[in-house]
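J.: please work out how this folds:
(one chain, ligands or ions: 1)
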Amino acid sequence: MAIRVAVSGAGRMGQQVLAALCQAPDLEPVAVVAKSPRGDKWELPQGGSVPYSTEPLPLFQATRPHVVVDFSHAQFTPTVVEAALAVGARPVIGTSNLDPAWLERLKGECLRRRLGAIVAPNFAIGAVVMMYLARKAAPFFDVAEIVEMHHDAKVDAPSGTAIATAQAMAKAKGAPFRRPPTERETIPGTRGGEVEGITIHSLRLPGMVAHQEVIFGALGQTLTIRHDSISRESFIPGVLLAVRRVMEIGELVMGLEPILGLEGG
Ligand SMILES: NC(=O)c1ccc[n+]([C@@H]2O[C@H](COP(=O)([O-])OP(=O)(O)OC[C@H]3O[C@@H](n4cnc5c(N)ncnc54)[C@H](OP(=O)(O)O)[C@@H]3O)[C@@H](O)[C@H]2O)c1
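T.: Numbering: from 1, shown residues only. Next up, the predicted model:
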(Lines give C-alpha, C1' and ligand atoms only; values in the text may rest on other atoms or scores of the structure.)
Protein backbone atom coordinates (compact mmCIF):
# COMPACT_ATOMS: atom_id res chain seq x y z
CA MET A 1 0.00 0.00 0.00
CA ALA A 2 1.38 3.40 -0.98
CA ILE A 3 2.11 5.95 1.76
CA ARG A 4 -0.44 8.77 1.38
CA VAL A 5 1.34 12.14 1.60
CA ALA A 6 -0.09 15.64 1.99
CA VAL A 7 2.16 18.59 1.14
CA SER A 8 2.06 21.78 3.18
CA GLY A 9 3.55 24.79 1.41
CA ALA A 10 3.21 25.11 -2.33
CA GLY A 11 6.32 27.22 -2.90
CA ARG A 12 9.67 26.21 -4.34
CA MET A 13 10.19 23.27 -1.97
CA GLY A 14 6.56 22.11 -1.89
CA GLN A 15 6.52 21.85 -5.67
CA GLN A 16 9.79 19.90 -5.77
CA VAL A 17 8.38 17.50 -3.15
CA LEU A 18 5.16 17.02 -5.12
CA ALA A 19 7.09 16.25 -8.32
CA ALA A 20 9.20 13.66 -6.44
CA LEU A 21 6.14 12.07 -4.83
CA CYS A 22 4.54 11.65 -8.26
CA GLN A 23 7.59 9.67 -9.42
CA ALA A 24 7.87 7.34 -6.39
CA PRO A 25 5.74 4.22 -6.82
CA ASP A 26 5.45 3.65 -3.04
CA LEU A 27 4.31 7.24 -2.30
CA GLU A 28 1.07 8.96 -3.28
CA PRO A 29 0.40 12.72 -3.10
CA VAL A 30 -3.12 13.21 -1.73
CA ALA A 31 -3.48 16.91 -0.85
CA VAL A 32 -1.83 20.33 -0.91
CA VAL A 33 -2.32 23.07 1.71
CA ALA A 34 -0.86 26.59 1.57
CA LYS A 35 -1.66 30.17 2.57
CA SER A 36 -3.24 31.73 -0.53
CA PRO A 37 -6.67 30.75 -1.91
CA ARG A 38 -6.29 29.02 -5.32
CA GLY A 39 -9.52 27.07 -5.80
CA ASP A 40 -9.99 23.53 -4.55
CA LYS A 41 -7.64 21.57 -6.86
CA TRP A 42 -3.87 21.46 -7.26
CA GLU A 43 -2.69 20.24 -10.67
CA LEU A 44 0.09 17.67 -10.34
CA PRO A 45 3.17 17.99 -12.58
CA GLN A 46 2.61 14.51 -14.08
CA GLY A 47 -1.09 15.14 -14.75
CA GLY A 48 -4.17 14.70 -12.57
CA SER A 49 -4.89 16.77 -9.48
CA VAL A 50 -5.30 16.54 -5.70
CA PRO A 51 -7.54 18.58 -3.34
CA TYR A 52 -6.13 22.00 -2.37
CA SER A 53 -7.11 24.13 0.61
CA THR A 54 -5.93 26.86 2.97
CA GLU A 55 -7.58 24.98 5.88
CA PRO A 56 -5.47 21.99 6.91
CA LEU A 57 -7.88 20.19 9.28
CA PRO A 58 -10.87 19.71 6.95
CA LEU A 59 -8.47 18.91 4.10
CA PHE A 60 -6.73 16.19 6.10
CA GLN A 61 -10.03 14.83 7.44
CA ALA A 62 -11.21 14.45 3.85
CA THR A 63 -7.98 13.06 2.34
CA ARG A 64 -6.58 11.00 5.28
CA PRO A 65 -2.82 11.36 4.70
CA HIS A 66 -0.38 9.06 6.52
CA VAL A 67 2.37 11.72 6.35
CA VAL A 68 2.29 15.53 6.04
CA VAL A 69 5.44 17.11 4.56
CA ASP A 70 5.74 20.75 5.60
CA PHE A 71 7.95 23.30 3.81
CA SER A 72 5.95 26.43 4.51
CA HIS A 73 6.41 29.20 7.08
CA ALA A 74 7.08 29.11 10.84
CA GLN A 75 3.73 30.87 11.44
CA PHE A 76 1.84 28.24 9.44
CA THR A 77 3.60 25.02 10.52
CA PRO A 78 2.05 24.66 14.03
CA THR A 79 -1.52 24.83 12.61
CA VAL A 80 -0.68 22.29 9.92
CA VAL A 81 1.03 19.94 12.36
CA GLU A 82 -1.81 20.16 14.87
CA ALA A 83 -4.23 19.17 12.10
CA ALA A 84 -1.90 16.35 10.98
CA LEU A 85 -1.68 14.86 14.49
CA ALA A 86 -5.46 15.19 14.91
CA VAL A 87 -5.99 12.77 11.98
CA GLY A 88 -3.10 10.48 13.01
CA ALA A 89 -0.75 11.70 10.23
CA ARG A 90 2.99 11.93 10.84
CA PRO A 91 4.71 15.26 10.19
CA VAL A 92 7.98 15.61 8.24
CA ILE A 93 9.00 19.22 8.71
CA GLY A 94 11.64 21.26 6.87
CA THR A 95 10.39 24.77 7.61
CA SER A 96 13.02 27.04 9.18
CA ASN A 97 12.94 29.19 12.31
CA LEU A 98 10.48 27.08 14.32
CA ASP A 99 9.89 28.13 17.93
CA PRO A 100 11.97 25.87 20.26
CA ALA A 101 9.18 25.91 22.90
CA TRP A 102 6.70 24.67 20.28
CA LEU A 103 9.14 21.91 19.22
CA GLU A 104 9.38 20.81 22.86
CA ARG A 105 5.57 20.59 23.04
CA LEU A 106 5.52 18.64 19.76
CA LYS A 107 7.97 16.14 21.26
CA GLY A 108 5.59 15.50 24.18
CA GLU A 109 2.57 15.29 21.90
CA CYS A 110 4.24 12.72 19.59
CA LEU A 111 5.21 10.55 22.57
CA ARG A 112 1.71 10.79 24.01
CA ARG A 113 0.15 9.75 20.69
CA ARG A 114 2.99 7.32 19.81
CA LEU A 115 3.26 9.05 16.44
CA GLY A 116 6.50 9.54 14.55
CA ALA A 117 7.65 13.00 13.41
CA ILE A 118 10.86 14.22 11.81
CA VAL A 119 12.04 17.84 11.94
CA ALA A 120 15.21 18.46 9.94
CA PRO A 121 16.87 21.86 9.53
CA ASN A 122 18.75 20.40 6.54
CA PHE A 123 17.44 17.58 4.34
CA ALA A 124 20.52 17.53 2.07
CA ILE A 125 22.16 14.23 3.01
CA GLY A 126 25.59 15.54 1.95
CA ALA A 127 25.24 18.51 4.31
CA VAL A 128 24.33 16.21 7.19
CA VAL A 129 27.41 14.06 6.45
CA MET A 130 29.54 17.23 6.19
CA MET A 131 28.41 18.26 9.71
CA TYR A 132 29.10 14.75 10.98
CA LEU A 133 32.64 14.79 9.54
CA ALA A 134 33.24 18.27 11.01
CA ARG A 135 32.24 16.91 14.43
CA LYS A 136 34.57 13.94 14.02
CA ALA A 137 37.51 16.19 13.04
CA ALA A 138 36.85 18.82 15.72
CA PRO A 139 38.75 17.18 18.64
CA PHE A 140 41.99 17.17 16.57
CA PHE A 141 42.14 20.93 15.94
CA ASP A 142 42.10 24.12 17.99
CA VAL A 143 41.32 26.62 15.23
CA ALA A 144 38.51 26.45 12.68
CA GLU A 145 36.51 28.77 10.44
CA ILE A 146 33.30 28.25 8.50
CA VAL A 147 32.51 29.88 5.16
CA GLU A 148 28.84 29.54 4.22
CA MET A 149 27.65 30.68 0.80
CA HIS A 150 24.04 31.18 -0.26
CA HIS A 151 21.87 32.76 -2.96
CA ASP A 152 21.41 36.52 -2.64
CA ALA A 153 17.73 36.27 -1.55
CA LYS A 154 18.51 34.51 1.73
CA VAL A 155 17.06 36.67 4.50
CA ASP A 156 19.34 35.73 7.40
CA ALA A 157 23.06 35.44 8.07
CA PRO A 158 24.79 33.34 9.11
CA SER A 159 22.84 30.25 8.02
CA GLY A 160 21.23 28.01 10.64
CA THR A 161 23.41 25.17 9.33
CA ALA A 162 26.61 27.18 9.96
CA ILE A 163 25.58 27.99 13.54
CA ALA A 164 24.54 24.38 14.20
CA THR A 165 27.83 23.11 12.71
CA ALA A 166 29.89 25.38 14.97
CA GLN A 167 27.92 24.41 18.06
CA ALA A 168 28.22 20.71 17.26
CA MET A 169 31.97 21.03 16.63
CA ALA A 170 32.54 22.72 20.02
CA LYS A 171 30.39 20.09 21.75
CA ALA A 172 32.36 17.26 20.11
CA LYS A 173 35.63 18.96 21.10
CA GLY A 174 34.41 19.58 24.64
CA ALA A 175 35.66 23.19 24.56
CA PRO A 176 35.38 26.33 22.47
CA PHE A 177 37.85 26.77 19.61
CA ARG A 178 40.67 29.32 19.81
CA ARG A 179 39.96 32.40 17.72
CA PRO A 180 43.27 33.98 16.68
CA PRO A 181 43.02 37.66 17.66
CA THR A 182 43.21 40.33 14.96
CA GLU A 183 44.90 43.43 16.33
CA ARG A 184 43.31 45.86 13.93
CA GLU A 185 40.20 45.16 11.86
CA THR A 186 40.58 47.99 9.35
CA ILE A 187 37.09 47.44 7.93
CA PRO A 188 34.68 46.37 10.72
CA GLY A 189 33.16 42.93 10.18
CA THR A 190 35.94 41.71 7.87
CA ARG A 191 36.86 38.88 10.22
CA GLY A 192 33.24 37.61 10.31
CA GLY A 193 31.02 36.54 13.19
CA GLU A 194 31.83 34.10 15.96
CA VAL A 195 30.20 31.03 17.52
CA GLU A 196 32.12 29.02 20.14
CA GLY A 197 35.43 30.54 19.00
CA ILE A 198 34.76 29.54 15.38
CA THR A 199 34.73 32.42 12.90
CA ILE A 200 31.81 32.33 10.46
CA HIS A 201 31.79 34.17 7.11
CA SER A 202 28.62 34.57 5.04
CA LEU A 203 28.74 35.08 1.25
CA ARG A 204 25.53 36.07 -0.59
CA LEU A 205 25.70 35.79 -4.37
CA PRO A 206 23.31 35.22 -7.27
CA GLY A 207 24.11 31.87 -8.88
CA MET A 208 24.63 30.13 -5.56
CA VAL A 209 22.18 27.79 -3.80
CA ALA A 210 23.60 26.54 -0.46
CA HIS A 211 27.28 25.78 0.13
CA GLN A 212 29.47 25.44 3.21
CA GLU A 213 33.17 24.93 3.92
CA VAL A 214 34.53 24.00 7.32
CA ILE A 215 38.25 24.75 7.41
CA PHE A 216 40.45 23.49 10.24
CA GLY A 217 43.96 24.90 10.67
CA ALA A 218 46.98 23.45 12.47
CA LEU A 219 50.75 23.63 12.22
CA GLY A 220 51.70 23.38 8.53
CA GLN A 221 48.32 22.03 7.41
CA THR A 222 44.64 22.70 6.85
CA LEU A 223 41.70 20.35 6.48
CA THR A 224 38.70 21.49 4.41
CA ILE A 225 35.31 19.76 4.41
CA ARG A 226 32.96 21.20 1.79
CA HIS A 227 29.39 20.55 0.76
CA ASP A 228 27.51 22.08 -2.19
CA SER A 229 23.77 22.02 -2.81
CA ILE A 230 23.71 22.96 -6.48
CA SER A 231 19.91 22.82 -6.75
CA ARG A 232 16.85 22.40 -4.52
CA GLU A 233 16.70 18.80 -5.75
CA SER A 234 19.50 18.15 -3.26
CA PHE A 235 16.90 18.13 -0.46
CA ILE A 236 14.60 15.57 -2.09
CA PRO A 237 16.36 12.24 -1.31
CA GLY A 238 16.46 13.24 2.37
CA VAL A 239 12.77 14.20 2.34
CA LEU A 240 11.72 10.91 0.71
CA LEU A 241 13.88 8.96 3.18
CA ALA A 242 12.19 10.79 6.06
CA VAL A 243 8.70 10.14 4.63
CA ARG A 244 9.41 6.40 4.56
CA ARG A 245 11.16 6.24 7.94
CA VAL A 246 8.65 8.37 9.84
CA MET A 247 6.15 5.53 9.36
CA GLU A 248 8.42 3.24 11.44
CA ILE A 249 9.03 5.47 14.49
CA GLY A 250 6.86 6.50 17.42
CA GLU A 251 8.49 9.75 18.55
CA LEU A 252 9.86 13.08 17.33
CA VAL A 253 13.31 12.76 15.74
CA MET A 254 15.33 15.96 15.32
CA GLY A 255 17.61 16.05 12.28
CA LEU A 256 18.45 13.34 9.75
CA GLU A 257 21.49 12.12 11.72
CA PRO A 258 19.65 9.40 13.68
CA ILE A 259 17.85 8.30 10.51
CA LEU A 260 21.22 7.96 8.72
CA GLY A 261 22.87 6.22 11.71
CA LEU A 262 25.26 9.16 12.26
CA GLU A 263 24.60 9.82 15.93
CA GLY A 264 27.34 10.27 18.50
CA GLY A 265 30.84 11.82 18.30
N1 LIG B 1 15.10 21.84 5.92
C2 LIG B 1 15.58 22.01 4.70
O3 LIG B 1 16.41 21.26 4.20
C4 LIG B 1 15.05 23.16 3.88
C5 LIG B 1 15.40 23.27 2.52
C6 LIG B 1 14.83 24.33 1.78
C7 LIG B 1 13.95 25.23 2.38
N8 LIG B 1 13.66 25.07 3.71
C9 LIG B 1 12.67 25.93 4.38
O10 LIG B 1 11.39 25.55 3.91
C11 LIG B 1 10.51 26.68 3.95
C12 LIG B 1 9.85 26.88 2.58
O13 LIG B 1 10.86 27.17 1.65
P14 LIG B 1 10.49 27.55 0.12
O15 LIG B 1 11.76 27.94 -0.54
O16 LIG B 1 9.63 26.51 -0.48
O17 LIG B 1 9.60 28.86 0.40
P18 LIG B 1 8.54 29.56 -0.56
O19 LIG B 1 8.83 29.27 -1.98
O20 LIG B 1 8.46 30.97 -0.10
O21 LIG B 1 7.15 28.84 -0.18
C22 LIG B 1 6.55 28.99 1.09
C23 LIG B 1 5.19 28.36 1.06
O24 LIG B 1 4.63 28.43 2.38
C25 LIG B 1 3.33 28.95 2.30
N26 LIG B 1 2.97 29.73 3.51
C27 LIG B 1 2.06 29.34 4.43
N28 LIG B 1 1.93 30.25 5.39
C29 LIG B 1 2.76 31.25 5.11
C30 LIG B 1 3.06 32.47 5.76
N31 LIG B 1 2.48 32.83 6.91
N32 LIG B 1 3.99 33.26 5.18
C33 LIG B 1 4.60 32.90 4.01
N34 LIG B 1 4.35 31.73 3.37
C35 LIG B 1 3.43 30.92 3.91
C36 LIG B 1 3.31 29.81 1.06
O37 LIG B 1 1.95 29.83 0.67
P38 LIG B 1 1.45 30.64 -0.63
O39 LIG B 1 2.11 29.96 -1.80
O40 LIG B 1 0.00 30.37 -0.61
O41 LIG B 1 1.88 32.04 -0.44
C42 LIG B 1 4.21 29.04 0.12
O43 LIG B 1 3.47 28.06 -0.59
C44 LIG B 1 11.36 27.85 4.43
O45 LIG B 1 11.23 27.99 5.82
C46 LIG B 1 12.78 27.40 4.08
O47 LIG B 1 13.75 28.04 4.88
C48 LIG B 1 14.19 24.07 4.45
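J.: for the closest residue to the ligand within the chain, give me its contacts.
T.: Proximity of the chain to the ligand (C-beta to the nearest ligand atom) peaks at residue 11, 1.8 Å away. Any C-beta I mention is one placed from the backbone N, CA and C, and that applies to glycine too. By C-beta atoms under 8 Å, 6 or more residues apart in numbering, the contact set of residue 11 is 34, 71-72.
J.: what's across from residue 42 in the sheet?
T.: Listed by DSSP bridges, the beta-bridge partners for residue 42 are residue 50.
J.: would you mind measuring from it to residue 236?
T.: Distance from residue 42 to residue 236, counting by C-beta to C-beta, to the nearest Å: 18 Å.
J.: and residue 14, by the same measure?
T.: Residue 14 sits 12 Å away from residue 236, going by C-beta to C-beta.
J.: would stretch 218-228 count as contacting the ligand?
T.: No. Judged by C-beta under 6 Å from any ligand atom, stretch 218-228 stays clear of the ligand, getting no closer than 12.3 Å.
J.: please enumerate the strands of this protein.
T.: 3-8, 27-33, 41-43, 49-53, 67-70, 90-93, 117-119, 143-150, 193-195, 198-204, 210-218, 221-229, 252-254 (DSSP state E).
J.: make CSV out of the ones you listed and add distance to residue 245 and mean pLDDT.
T.: Converted to CSV, the strands of the chain look like this (distance: least, C-beta to C-beta, whole Å; pLDDT from 0 to 100):
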stretch, distance to residue 245, mean pLDDT
strand 3-8, 11, 98
strand 27-33, 13, 98
strand 41-43, 26, 97
strand 49-53, 23, 98
strand 67-70, 10, 98
strand 90-93, 9, 98
strand 117-119, 7, 98
strand 143-150, 27, 98
strand 193-195, 30, 97
strand 198-204, 31, 98
strand 210-218, 23, 97
strand 221-229, 21, 98
strand 252-254, 8, 97
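J.: now these as a markdown table including distance to residue 178 and mean neighbour count?
T.: Formatted as a markdown table, those follow (distance: least, C-beta to C-beta, whole Å; neighbours: other C-beta atoms under 10 Å):
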| stretch | distance to residue 178 | mean neighbour count |
| --- | --- | --- |
| strand 3-8 | 44 | 26 |
| strand 27-33 | 48 | 24 |
| strand 41-43 | 53 | 16 |
| strand 49-53 | 54 | 18 |
| strand 67-70 | 40 | 29 |
| strand 90-93 | 36 | 28 |
| strand 117-119 | 33 | 25 |
| strand 143-150 | 6 | 22 |
| strand 193-195 | 11 | 16 |
| strand 198-204 | 10 | 18 |
| strand 210-218 | 10 | 20 |
| strand 221-229 | 15 | 15 |
| strand 252-254 | 29 | 18 |
